[in-house]
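J.: got a predicted structure plus its sequence, pasted below:
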Amino acid sequence: MTGSLKLEVFGAESAPAIVLLHPIATRAEVWCLQVPILARRFRVIVPDLPGHGGSAPLPPGAVLHDYAAAVLGALEPFGLNEFSVAGLSFGGMVAQAMALAAPSRIRRLVLAHCGAVTPAPVTALWQQRVADAQAGGMAQQVRPTLDRWFTPDFLDRAPAASDWIGRMVADTSLAGYIAAVHAICGLDHVASLARLQMPTLVIAGQKDMAVSPAVSQALAAGIPGAEFRLMADAAHMSHVEQAATFTETLDAFLQP
């Protein structure tokens, strides 16, 4: 535990650092398919974001900048002059905010399955999800979340993996979920993307119904020199559904 964030750290202390940021309604554990491979070459730092897992929530009304500040603050004891950041979905939004807040410290940036702005129709969807969660609890969010995050084929052939993710959704604090939704609904980095000068990779899923490839392509187009990678046969959680391809892509991009 560093400050109010629970952190897990893997790999050699002398290795280049990479921070992995998880989606909403999950926790650091969701990166467990990537960590053993990345830790061979990198110091892998994986926090539970505020209000998730073992991390304390932020004060009411927190925005993405506040989530970014919490992660940056938790990294201070490590004395890192620079590090890479990879975030997926909500984690990718926080990663954008970190890169905008501390651009000189971010060596490489990976933004998976996220956009740069939350439009009004999507905000309405999130508000309905909050209402549903308030009425029925987080357990009622499991099935619709899995249906958004994975292809039907994956859910059919990987019931144990699906249950693993589903349990994380169900275990998420309702207050932490609502706070993260509030931050997501305030996302608008479109006008600031040109300030991101670090090498950046944007990853999308060919079958992602939560964040379409077009949304991720627009994000990549707004960042100077950003690379774009479309993951075939993957929905929103490509780091699980296509774990080997995702991990190899991430590892290769992060190499010094």
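T.: Yes, it's here.

J.: which residues touch Leu7?
T.: Met1, Ala28, Ile45, Val46, Pro47, Asp48, Ala74 (C-beta atoms under 8 Å, 6 or more residues apart in numbering). (Each C-beta comes from the backbone N, C-alpha and C, glycine too.)

J.: among these, which ones are buried?
T.: Ala28, Ile45, Val46, Pro47, Asp48, Ala74 (16 or more other C-beta atoms under 10 Å).

J.: nearest to Met198, of the contacts of Leu7?
T.: Ile45 (17.5 Å; C-beta to C-beta).

J.: how many other residues sit next to Phe150?
T.: 26 (other C-beta atoms under 10 Å).

J.: am I right that it is in contact with His239?
T.: No. If you go by C-beta atoms under 8 Å, Phe150 and His239 don't touch, sitting 11.6 Å apart.

J.: what about Ser104, how many residues nearby?
T.: Neighbour count of Ser104, defined by other C-beta under 10 Å: 9.

J.: only alpha carbons, please: show stretch 45-52 as CSV.
T.: Output in CSV follows, covering the C-alpha atoms of stretch 45-52 (Å, rounded to 0.1, in the frame of the first residue of the first chain):
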residue,chain,number,x,y,z
ILE,A,45,3.7,-1.4,-11.1
VAL,A,46,0.0,-2.3,-10.9
PRO,A,47,-2.3,-0.2,-8.7
ASP,A,48,-5.8,-0.7,-7.8
LEU,A,49,-7.4,2.6,-8.9
PRO,A,50,-9.2,4.7,-6.3
GLY,A,51,-12.4,3.1,-5.1
HIS,A,52,-11.4,-0.3,-6.6
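
J.: oh, and call the first residue 360 from now on, that's how I've got it
T.: From this message on, residue numbering opens at 360, which makes the last subject stretch 404-411.

J.: if anything else comes up later, I'll come back, but that's it for now.
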